[in-house]
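Asker: fold the following and give me the result.
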Amino acid sequence: MIFGVFYRKMSAFTKVFHGFALIWLFLSVEAIGQERFTYALSMYDPVSFQVTARPQEGRENLSLLWGGRTWAFANEGNRAAFKHAPEVYAPLFQGCDPLSLAQGYRAEGLAKIYLIYNQRLLLFQSREHRVLFLAAPDTLLAKAQSRARDAKCGPYQ
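Answerer: Down below sits the predicted model:
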């Protein structure tokens, strides 16, 4: 009888232990899988947005820490250019969608939906936002600029 109680308690303990082990394993694998997404611009080279016809993917071995983010570059020349003048190549509003900011809320822009306007990189959350922005870019940019700091999309740290 005592053995039966002991066996049931150990069995319950083993199930709980295995449950925690599975949760830990899942979180570890998820964290490893997300490591690549800690790069700014989804690992696209920020300089390539302005100097090539299409943005290029950066390489992990050509990276640089600036503004609290890790930036990846396609080549050493782009990395040197960014290091010399990061504010020229980094997205305006820390990558927040300028139309959303102009409308009073924060939304992250996507690296694949972008616009170079007045020699600055702007990211948008959707193609529709990019089209709407182009209807009155100067007005919307001024509104976004005035609301950026409150939405935590202000200057890079």
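
Asker: nearest spatial neighbour of the most centrally placed residue in the chain, skipping sequence neighbours?
Answerer: Taking C-alpha atoms, centre = their mean, the centroid of the chain lies closest to residue 40, which sits 5.0 Å from it. The spatially closest residue to residue 40, leaving aside those adjacent along the chain, is residue 69, at 4.1 Å (C-beta to C-beta, 6 or more residues apart in numbering). For the C-beta atoms, the positions are set from N, CA and C on the backbone; glycine is no exception.

Asker: on that earlier part again, so who does the residue nearest to the centre of the chain touch?
Answerer: By C-beta atoms under 8 Å, 6 or more residues apart in numbering, residue 40 lies in contact with 46, 67, 69-72, 90, 95.

Asker: quickly note the distance from it to residue 150.
Answerer: 22 Å (C-beta to C-beta, to the nearest Å).

Asker: okay, residue 35: pLDDT?
Answerer: Confidence at residue 35, expressed as pLDDT, is 44.

Asker: then the one 10 residues further on?
Answerer: Confidence per residue is given as pLDDT, and for residue 45 that number is 98.

Asker: tell me the contacts of it?
Answerer: 55-58, 72-75, 78.

Asker: phi and psi next, for it.
Answerer: phi -70, psi 120 (degrees, to the nearest 10).

Asker: report the beta-bridge partner residues of the residue nearest to residue 40.
Answerer: Beta bridges link residue 69 to residue 66, judged by DSSP bridges.

Asker: domains in the protein, by residue range?
Answerer: Following automatic domain parsing, one finds the domains of the chain at 2-37, 38-148.

Asker: endpoints of the last one, how far apart?
Answerer: Here the two ends of domain 38-148 are set 22 Å apart, with distance taken as C-alpha to C-alpha, to the nearest Å.
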